[in-house]
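Peer 1: for reference, the sequence and a predicted model appear below.
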Amino acid sequence: MDRPELAVRLDLEPHPEGGWYRQTWASPEVVTLADGRVRPTATLIYFLLPAGESSAWHRVRSDEIWLAHSGSVTVQLGGSGEAPEEAPTAGFVVGPESPQGLVPAGAWQRTVPSDADALVSCLVSPGFDFADFDLA
């Protein structure tokens, strides 16, 4: 897999769902959740999705705010059942005209290809941990 130039400049690594990422911040404050999990109150990543690529269906056990930097990406939502819904909703576009979007905790999500590279940040609260991440 060829690493895009922007992924090299930002020191991004392949993400299991597709695209490229790097955690840029984790809150030093932690919270103990009702089920005993301990997480930072929030985490932040860069996420690069090259033109024509998409991400796999996945879900996170925390709310996720998408923030646009360049390009745009469409996020489809697939409900919160055991598997993504067969007819996903359009979800939202994150880009210059709509620079923020919310994926609620536990919702299945995926990105669909666009014709240009998209760089976004994802803020997750309570903070992201791969133990809270499911691929379909």
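Peer 2: The structure has been received and is ready for your questions.
Peer 1: centroid-nearest residue for the chain?
Peer 2: Closest to where the C-alpha atoms of the chain average out (CA atoms, centre = their mean) is C122, at 5.5 Å.
Peer 1: can you name the next helix or strand after the helix or strand bottoming out on mean pLDDT in the chain?
Peer 2: Of all the helices and strands that make up the chain, strand 89-94 has the lowest average by mean pLDDT, DSSP states H and E, namely a mean of 88. Proceeding C-terminally, strand 89-94 gives way to strand 100-103 as the next helix or strand, assigned by DSSP states H and E.
Peer 1: shaky segments in this protein?
Peer 2: Scanning the chain with the threshold set as pLDDT under 70 gives 1.
Peer 1: so which residues of it form helices?
Peer 2: In the chain, the helices defined using DSSP state H lie at 5-9.
Peer 1: can you map out the strands along it?
Peer 2: For the chain, applying DSSP state E gives strands covering 13-14, 20-26, 30-32, 38-40, 43-49, 58-60, 63-70, 73-77, 89-94, 100-103, 109-112, 118-125, 133-135.
Peer 1: what are the pairing partners of the last one, and which direction each?
Peer 2: What it means is strand 133-135. For strand 133-135, the paired strands and their directions (DSSP bridges) read strand 58-60 (antiparallel).
Peer 1: for the strand it pairs with, buried residues please.
Peer 2: Of the residues in strand 58-60, those scored as buried under the neighbour-count criterion (16 or more other CB atoms under 10 Å) are H58, R59, V60. All C-beta atoms are positioned from the backbone trio N, CA, C, and that covers glycine.
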